[in-house]
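Undergrad: Just to be clear, the model below is a prediction. Sequence and coordinates:
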Amino acid sequence: MVGCVLVAADGTVIGEGYHRRAGGPHAEVVALEAARAGGHDPAGATAVVTLEPCDAHHRTPPCTVALLEAGVASVVYATSDPHVGKGGADRLRAGGVRVTGGVLEAEARRLLEPWLHFVATGRPYFQVKTAQTLNARVTRGREGEPWITGPEARRLVHRLRRRERAVLVGAGTVLADDPLLTVRDWPAPEEAAEWPDIQPVRVVLDTRLRTPLDSRVVATTEEAPVWIFAGEDAPADRERELVARGVEVVRVATVRSGLDLVAIAEELARREVPGVLVEPGPTLATAFLEAGLVGRWTMLLAPDWVTERGALPLLLTDAPYVGFELVDPEWSIHGRDAAVTGRVRRAMTAGA
């Protein structure tokens, strides 16, 4: 999500780079290496960066040092480093570099939303994705038509998966749909070589370890990791069978409504998962709202009105919430379907 472009004094772009994975070189270092590999000297260039260059040694050396040693003349960044005291603007200025911050800051903060939330709160940023009809049904209620939306909208889902460290579903979704939960349809084949081949961790919430041993997520643990969160009293023999197939089973406490979602959020944070795409059924969607964990909601809307018996509603009818609002909504069209995404502002609970 963090990128850097190096621009020579004459306006020529001489290097580009982005942070491909945690623990890998940061965007500035990648861009500097790209410039040198192309025969360009970055001395005197301007570095345009999504995020203020870091001035602390974490898994990699500080980017400020790399920029100063390269002799860049100026740095333009969009938003400040949220780690208090670890941003490098002052260090760069002290080294004689011209620094400008806050350029396109709102756009950058939208791009960096999960990570900024993770740093500020210590918890992952949960984005819920639902596909629904005009009357808020998330299933069609009849056999032979499992999809609510068309292929263009489903491709958007793969793009959303690509952006996050983990994709999360409930056991009911695994039992009903047998999803693979990997990224397959984005980016386009001609662009795929430019992207790191990293699949999100697939997380299943399964209180009693009902996930079938022959399900597609279990059968493909070599393609992408699978973590199943289970209750403390889930069958031990079932856990052994899943572990033997490459699944990691994580035991967590249960509450009245099921697994403790707050405890799961804390465990995901401990595993350095900053952002999670939740693809829930009605029960899990309601539970995430009740727990106050939803940061963003993306709704895919099909232009259909479904009245078949068995078509499930978006949320449980006895949910205690009157509703919720999407703040700063963004609309887009994907084939015959529409999508809206926004930050979630919960409404008052019934009776409050």
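TA: Great, that's in hand.

Undergrad: from here on, contacts and neighbour counts on C-alpha atoms
TA: Noted.

Undergrad: Who are the packing partners of the helix or strand bottoming out on mean pLDDT in the chain?
TA: Lowest by mean pLDDT, DSSP states H and E among the helices and strands of the chain is helix 282-291, with a mean of 90. Contacts defined by 3 or more Cα pairs under 8 Å, 6 or more residues apart in numbering; DSSP states H and E place helix 282-291 against helix 261-270.

Undergrad: by how many degrees do the helix it packs on and helix 282-291 diverge?
TA: Here helix 261-270 points in a direction 80 degrees away from that of helix 282-291 (axes from the mean of the first three to the mean of the last three Cα atoms, to 10 degrees).

Undergrad: Which SSE is immediately downstream of helix 261-270?
TA: Next along the chain after helix 261-270, taking DSSP states H and E as the criterion, comes strand 275-278.

Undergrad: Need the CA coordinates for the least confident helix or strand of the chain. CSV is fine.
TA: Extracted as CSV, the C-alpha positions of helix 282-291 are listed here (Å, rounded to 0.1, in the frame of the first residue of the first chain):
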residue,chain,number,x,y,z
PRO,A,282,-26.3,-13.1,8.3
THR,A,283,-25.4,-14.6,11.7
LEU,A,284,-21.7,-13.6,11.4
ALA,A,285,-22.5,-10.1,10.0
THR,A,286,-24.8,-9.4,12.9
ALA,A,287,-22.2,-10.7,15.4
PHE,A,288,-19.6,-8.4,14.0
LEU,A,289,-21.9,-5.4,14.2
GLU,A,290,-22.9,-6.3,17.8
ALA,A,291,-19.2,-6.5,18.7
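
Undergrad: which other residues reach stretch 124-133?
TA: Stretch 124-133 is contacted from outside by 113-115, 117-118, 138-139, 148-149, 157, 265, 268-269, 273-280, 285, 293-306, 314, using Cα atoms under 8 Å, 6 or more residues apart in numbering.

Undergrad: does residue 342 have beta-bridge partners, and which?
TA: residue 297 (DSSP bridges).

Undergrad: Wait, it touches residue 296, no?
TA: Yes: with contact defined as Cα atoms under 8 Å, residue 342 counts as touching residue 296 (5.6 Å).

Undergrad: higher neighbour count, these two?
TA: Higher neighbour count among residue 342 and residue 296: residue 296, with 22 against 18, using other Cα atoms under 10 Å.

Undergrad: what's the longest helix in this structure?
TA: If you go by DSSP state H, the chain has its longest helix at helix 151-163.

Undergrad: For residue 188, see how far away residue 266 is.
TA: Per Cα to Cα, to the nearest Å, residue 266 is found 35 Å from residue 188.

Undergrad: and residue 46, what is it in contact with?
TA: Applying Cα under 8 Å, 6+ apart to residue 46 gives the contacts 6, 7, 8, 9, 72, 73, 74, 75, 76.
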